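Novice: can you look at this prediction? I've put the sequence above it.
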Amino acid sequence: MKSIVAFVCLCLWINSYALSQATQPSWASASVSSLESELVAKYGEGEKPRLQRGLKQVLSLWRESDGNAGVFEDFVRTHFAGDKATRDTLFTRTGWLMESMRGHMNKMTLDFRWQVDVETGPILPFDEMFAAYDVSAHISDDFFENKIAFVVLLNFPLTTLEQRLAEGSKWTRQQWAEARLASAFDTRIPADVNLAVSTAGVASEQYIAQYNIWMHHLLTDKGERLFPAKLRLLSHWNLRDEIKANYSLEDKTKAIAKQRMIQRVMERIVDQTIPADVVNNPLVDWQPYTNEVKASTVKDHELAPRQQSSWTNAAEPDTRYSMLLNNFLAAKKVDPYTPAAPTLIARKFDEERELPEQRVASMLKQILSSPLVGRTAALIEKRLGRPLEPFDIWYNGFKARGAYTEENLDSITTRKYPTPAAFAKDIPNILMKLGFAPPLAEYLAENVEVDPARGSGHAWGPQMRSERAHLRTRVEKSGMNYKGYNIAVHELGHNVEQVISMKQIDHILLNGVPNTAFTEALAFVFQGKDMELLGLTKPDAQSEAMATLNDFWNTFEIGGVGLVDMEVWHWMYDHPNASAAELKKATMDISRKVWNEYYAPVFKKKDVVLLGIYSHMIERQLYLPDYPIGHLIAHQIEEQMKKGGSIGPEFERSVKMGSVTPDLWMQNATGAPVGAEAMLTATEHALTVVK
């Protein structure tokens, strides 16, 4: 497999290089020959390989509009850093300036998106216009036009994934930072293309951020209301978490009725038979099974009246899939400008994740097809006292909640955290409970702001050392309920990683972690301690085994979701002219196929579409594989943290490695590359402990 991946990488690089040669100006060959002779004579034969590489890199993206042979030659003579002192100065200053640029652009983006991301009142039409504007869309164009990008390409190396995997372990930290600096300019994507991607993304994010279901207005066939007043759940996050919460309900008959109803709601969202009038609308009552819609007979909201005299069960017009399709079409506009990674799929795996797609798929299938799935499922059936149903992919009974119901937990968290400020004030205590030294805990807390999210929640990094990270979670008027608290603890894990990897890194150009799966993994480590942080559980052999089984079952669930996301993007590339309706059918077919292969043998039911419910598929481009990879990474990290005695010191040590390749980061953190073996081994042991 490694040789195949290497061959593919080489072919892509050759294709990219051949394309660059084909588009080089007619004068390029003569200019290169002249410059080589002149500059090697000036700086010495030892600089020749670096000069040759720099000239090729610059010419690969130089256009006629950038200047003629004379302009090119003057540029190279002026900006080639032929001695180490000049090159080091260029490296240091450029890193500082890149931080300033990215940081201030990030601050502007936060401000432009504030009204749509943070619960601060109604969103007005102009708010959406500001949010859709990408303040950095023109940066790439500008840096090529003013030739700053070419200065970097002339002096620092572009590297292939194959090189980074084969040679990266021998590189110095500065070599890694130089490689990351050059990679910022490895493509030349026009501003209007970047803006199109941003616009499509913001539209889909806003669609999802307001996709609430008012649960008190769901009726059984007998007209009963199973859910409490004012309960507003966002799809998919809160709907899924409500299924999880009901495993602790004492009334098992009511619990399963609620879980089955939520499953039906999810199915109608996926197949788009959900009536458009019930989305984010507490003015109607809805029977999810019959799909009947009528004006509500109860009021449990404070919304302004809508100007509508009647409501219908007319289905949402495939809006969900129109949003996904628009994201695909925007991504496709980038393809011609990234010949080494000519699809978003290649960009996501080879460039962003630096994990080949086939390797990721293999890891996910290793979990999904493990015989441990059947053994874990049998244990869940035994604990439930009934056959599994499809919604049990979100079984939450391994989580150490003890006798606490969702209502109990809501009471605890709303009392403890009535406002975002109350959670912010408690961050130092939370971090010290996780093993962070008091001075570091205080420092980290000072660098995190807590905002009330309009959507489910997210973490927004600072991007420069003088700024703070932002933690967003949903906070109801009654306070932060348990769902909001659980998300807040997860996002705090992101924020701590963001602050440490930005403000305590040795080279600013290495800030961050290898890819999104790593920051998700670190957030999962925090999230898994949420009950312990409330003082409701204590770790012991039984609880650790239960936590392992919870991680394994969660990975089994989200692994299939990741495969669906991957296959849907392949389908879109194979059918670039598809309609939203055709994409909907394909997504449902793929969801059923993956379900039937890996889940139907466990749940004894075929053709279920629940794997298509995740909102990330709609609002993010091929994001979902990061979650199962993140679970695998989190488990490896947690095993190392157990050896170290607490989370804090190991978390800090690992994060300071920065944005190197995934396996190199993991080798440093845990002594082993990224893989499923640690989780499978721990799960097998856990099944001998939990009966």
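Specialist: Perfect, I can see it now.
Novice: distance across stretch 524-536, terminal residue to terminal residue?
Specialist: Stretch 524-536 has its terminal residues 19 Å apart, counting by Cα to Cα, to the nearest Å.
Novice: need the contact partners of it.
Specialist: With contact meaning Cβ atoms under 8 Å, 6 or more residues apart in numbering, stretch 524-536 is reached by 399-402, 404, 409, 412-413, 416, 430, 433-434, 485-486, 489-490, 492-493, 496, 537-539, 547, 550-551, 630-631, 634, 637-638, 641, 647, 651. C-beta: built from backbone N, CA, C; applies to glycine.
Novice: so which of these belong to helices?
Specialist: Judged by DSSP state H, the contacts of stretch 524-536 include 409, 412-413, 416, 430, 433, 485-486, 489-490, 492-493, 496, 547, 550-551, 630-631, 634, 637-638, 641, 647, 651 as members of helices.
Novice: which among those count as buried?
Specialist: 409, 412-413, 430, 433, 485-486, 489-490, 492-493, 496, 547, 550-551, 630-631, 634, 637-638, 641, 647, 651 (16 or more other Cβ atoms under 10 Å).
Novice: now the helices for the stretch 201-350 of the chain?
Specialist: Listed in chain order, the helices of the stretch 201-350 of the chain (DSSP state H, counting those that start in this stretch) span 237-245, 252-271, 319-334, 344-346.
Novice: got those helices as a markdown table, with distance to residue 82, mean neighbour count and mean pLDDT columns?
Specialist: Formatted as a markdown table, the helices of the stretch 201-350 of the chain follow (distance: least, Cβ to Cβ, whole Å; neighbours: other Cβ atoms under 10 Å; pLDDT from 0 to 100):
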| stretch | distance to residue 82 | mean neighbour count | mean pLDDT |
| --- | --- | --- | --- |
| helix 237-245 | 55 | 22 | 94 |
| helix 252-271 | 60 | 19 | 97 |
| helix 319-334 | 35 | 21 | 98 |
| helix 344-346 | 35 | 20 | 97 |
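Novice: mind checking these for the one nearest to residue 600?
Specialist: helix 252-271 (15.5 Å; Cβ to Cβ).
Novice: show me the contacts for residue 427.
Specialist: By Cβ under 8 Å, 6+ apart, the contact list for residue 427 reads 441, 444, 445, 448, 450, 492.
Novice: host element of it?
Specialist: helix 420-433 (DSSP states H and E).
Novice: give me the buried positions along that helix.
Specialist: Of the residues in helix 420-433, those buried by neighbour count under the rule 16+ other Cβ under 10 Å are 420, 422, 423, 424, 427, 428, 430, 431, 432, 433.
Novice: the first one contacts residue 453, doesn't it?
Specialist: Think residue 420. No. Judged on Cβ atoms under 8 Å, residue 420 makes no contact with residue 453 at a distance of 9.3 Å.
Novice: find residues that contact each of the two.
Specialist: The contact sets of residue 420 and residue 453 overlap at 473, 475 (Cβ under 8 Å, 6+ apart).
Novice: where along the chain do the strands fall?
Specialist: 212-214, 232-234, 284-287, 292-295, 448-452, 457-460, 469-473 (DSSP state E).
Novice: need the per-residue pLDDT for residue 249.
Specialist: You'll see residue 249 listed with a pLDDT of 88.
Novice: my guess is it contacts residue 404, does it?
Specialist: No. Residue 249 lies out of contact with residue 404 (Cβ under 8 Å); the separation is 11.1 Å.
Novice: any shared contact partners between those two?
Specialist: Common neighbours of residue 249 and residue 404 (Cβ under 8 Å, 6+ apart) do not exist.
Novice: the closest residue to residue 363 other than its chain neighbours and residue 661, how far apart?
Specialist: The shortest distance from residue 363 to any non-neighbouring residue, by Cβ to Cβ, 6 or more residues apart in numbering, is to residue 676 (5.1 Å). Distance, residue 676 to residue 661, by Cβ to Cβ, to the nearest Å: 18 Å.
Novice: what's the weakest-modelled helix or strand in the protein?
Specialist: Here the helix or strand of the chain ranked lowest by mean pLDDT, DSSP states H and E is helix 2-22, holding a mean of 39.
Novice: picking up where we left off before, check the offset of the helix holding residue 427 from the chain's centre.
Specialist: 24 Å (Cα atoms, centre = their mean, to the nearest Å).
Novice: hmm, back to that, as TSV, the contacts of residue 427 with pLDDT and distance to residue 224 would be great.
Specialist: Formatted as TSV, the contacts of residue 427 follow (pLDDT from 0 to 100; distance: Cβ to Cβ, whole Å):
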residue	pLDDT	distance to residue 224
441	98	48
444	98	47
445	98	45
448	98	43
450	97	38
492	98	38
